[in-house]
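Asker: For reference, the sequence and a predicted model appear below.
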2 protein chains.
Amino acid sequence: MDKAQDSKEWSIRSLIPENHPRKESLIIREKIVEGLEEGYVAPQGLIAHGRGECFDYLMGEKTQQFAIDAIKASVATLLLAKHPVISVNGNMAALVPKEIVELGKEINAKIEVNLFYRTVEREKAIEKVLREAGADEVLGVGEDASATIPELFSERRRVSPRGILIADVVLLALEDGDRTEALVKMGKKVIAIDLNPLSRTARMASITIVDNVIRAFPLLIKYVRIMKSYSREALEEIVKKYDNKAVLTASLKFIAQRLSEISL
Amino acid sequence: MDKAQDSKEWSIRSLIPENHPRKESLIIREKIVEGLEEGYVAPQGLIAHGRGECFDYLMGEKTQQFAIDAIKASVATLLLAKHPVISVNGNMAALVPKEIVELGKEINAKIEVNLFYRTVEREKAIEKVLREAGADEVLGVGEDASATIPELFSERRRVSPRGILIADVVLLALEDGDRTEALVKMGKKVIAIDLNPLSRTARMASITIVDNVIRAFPLLIKYVRIMKSYSREALEEIVKKYDNKAVLTASLKFIAQRLSEISL
């Protein structure tokens, strides 16, 4: 009896044949499904992952130049920040827990759990994943998420008074448009990793990295290590020259170009 | 305490504000999440739904001409079929249960539960949804799924000897590429509803309806009612003239054109 027989487990690894042409994408997908089984990824997080897969597929599943440009501007912004915070949701915890912790240490950023579907169980489950990945401190869990973002409803507005509330720069991924907008209205610089260049988050963010978090996080770490030695002036120049609208337009043109070249 | 506090429920309706710009898409999404909670939608079905959402978004969330052409060819093929079968998975049961039953009755097709992640519990849960939607008979549940498709592994190859095994035409949606290929190799005509024109299922199928099942099923029913009165020759002519490769190419060009016209 294979795992397909057990309705409590949905592991793909035992079911997907070795020669399946989409095997790699299916294995990444499994990490998200495991996050669901462990209670920290929301079902809606799986749907969001699927949307991302589609855009990633359309972009050739590779980091393109417009993403590199955004990553460099992000790194400059993070290195210039006074209170940078990495906002973590279920999907990010499932896909890049070690990279989140590593980047946080490199840029001296706080790490904060920030959920659309906030429950103490999910907050704690994500904290556990991040601590196992090496985090010394995880904000936004339980009583710590006691401050509120104006203009947002329900549990979605809760943030940490030591984290996002006082942050000048927030790095987030796969975020809801309403929340991105609320953070921007609070005067924060928002760096968003989002595969959908048309999403409200992508359009609202100060800098949008149109790339898969799986590839973007290691690149952020790589460029932090390179750009740490840059002068403040050089970093400010990079931020000043960056044009997010041009980057989003380039990503759309890239997809359109690829689609028109595909032969069936 | 709102529903966000209860980790066993993920209902969106109580959380999404009335003025959320993506409210309609979120409510369709909820049907899939409810299918997950009731045990008949697989977590991977949510990811597949997300991919579909992305392509639907890129196509303007409307049925385009290339889909109408494919729907007409599908209806002609179904009306000419000796043993048409509608293959049903969790997502289809969550989104269009009544339409599946209605179409089945109109064209005298069998309805068969056909799952990538097959368990008796899921088969029975889908049978229940279909019977509540008015189905008199549901194949592919429990012992009935006793025949096997050659070249497939594990539980994925099981089909009903009274249904897909002897079918000449199979209508399916959101299907795995391997299985579509196996059905085509068995000499069956496969009609696929798939929002991703680049998927292996879309490319392998005899006819690909690049549209959302939510819109495609009512249109299939509408055209069956119109085309039922057509002569056999007229139906054969429609099938003969249909060019699936041209339809897929048209859908890709359409997306490319839309993307190049979007201004940010």
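Answerer: Arrived safely. None of the values given here were measured: they were computed from a predicted structure.
Asker: got any ranges where the stretch 1-150 of chain A has weak pLDDT?
Answerer: A:1-22, A:24 (pLDDT under 70).
Asker: Closest approach to chain B from it, which residue is it?
Answerer: residue A:50 (2.2 Å; C-beta to the nearest C-beta). C-beta: built from backbone N, CA, C; applies to glycine.
Asker: does that residue really touch residue B:55, like I thought?
Answerer: No - if you go by C-beta atoms under 8 Å, residue A:50 and residue B:55 don't touch, sitting 10.3 Å apart.
Asker: Just grab the bridge partners of the residue positioned nearest the centre of chain A for me.
Answerer: Centroid-nearest residue in chain A: residue A:173, 2.4 Å away (criterion: C-alpha atoms, centre = their mean). Legend: beta-bridge partners of residue A:173 under DSSP bridges are residue A:193.
Asker: got the buried residues for stretch A:72-84?
Answerer: Buried residues in stretch A:72-84, defined by neighbour count with 16 or more other C-beta atoms under 10 Å in any protein chain shown: A:72-81, A:83-84.
Asker: Need the max-distance pair from those.
Answerer: The span of these, defined through C-beta to C-beta, is set by A:72 and A:83 at 21.3 Å.
Asker: For chain A, which segments are assigned as strands?
Answerer: Applying DSSP state E to chain A gives strands spanning A:84-88, A:110-113, A:147-148, A:158-159, A:169-173, A:189-193, A:207-209.
Asker: Could you dump those strands into CSV with distance to residue A:201 added?
Answerer: Output for the strands of chain A, formatted as CSV (distance: least, C-beta to C-beta, whole Å):
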stretch, distance to residue A:201
strand A:84-88, 12
strand A:110-113, 17
strand A:147-148, 20
strand A:158-159, 16
strand A:169-173, 8
strand A:189-193, 5
strand A:207-209, 8
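Asker: Residue A:116 against residue A:174, yeah?
Answerer: No - the criterion here is C-beta under 8 Å, and residue A:116 misses it with residue A:174 at 9.5 Å.
Asker: residues touching the residue nearest to the centre of chain A, list them.
Answerer: A:89, A:91-92, A:192-194, A:213, A:216 (C-beta atoms under 8 Å, 6 or more residues apart in numbering or on different chains).
Asker: hmm, try it at 10 Å
Answerer: By C-beta atoms under 10 Å, 6 or more residues apart in numbering or on different chains, residue A:173 lies in contact with A:48, A:52, A:86-89, A:91-92, A:95-96, A:100, A:191-195, A:201, A:209, A:211-213, A:216-217.
Asker: Which among the residues you listed count as buried?
Answerer: A:48, A:52, A:86-89, A:91-92, A:95-96, A:100, A:191-195, A:201, A:209, A:211-213, A:216-217.
Asker: quick revisit: which residues are in contact with both of residue A:116 and residue A:174?
Answerer: A:45, A:48, A:89-90.
Asker: doesn't residue A:120 make contact with residue A:140?
Answerer: No - if you go by C-beta atoms under 10 Å, residue A:140 and residue A:120 don't touch, sitting 11.1 Å apart.
Asker: Same drill for those two, tell me which one is more crowded.
Answerer: Taking other C-beta atoms under 10 Å in any protein chain shown, residue A:140 and residue A:120 do not tie; residue A:140 has more neighbours (27 against 13).
Asker: So in chain A, which helix runs the longest?
Answerer: In chain A, assigned by DSSP state H, the helix with the most residues is helix A:244-261.
Asker: what is the rounded mean pLDDT of that helix?
Answerer: Per-residue pLDDT over helix A:244-261 has a mean of 91.
Asker: Kindly report the same for stretch A:173-188.
Answerer: The model assigns stretch A:173-188 a mean pLDDT of 90.
Asker: Now do the buried residues in that stretch.
Answerer: Buried residues in stretch A:173-188, defined by neighbour count with 16+ other C-beta under 10 Å: A:173-184, A:186, A:188.
Asker: Just those: which are in helices?
Answerer: Using DSSP H, those in helices are A:177-184.
Asker: with these in mind, which one is nearest to residue B:61?
Answerer: residue A:177 (17.0 Å).
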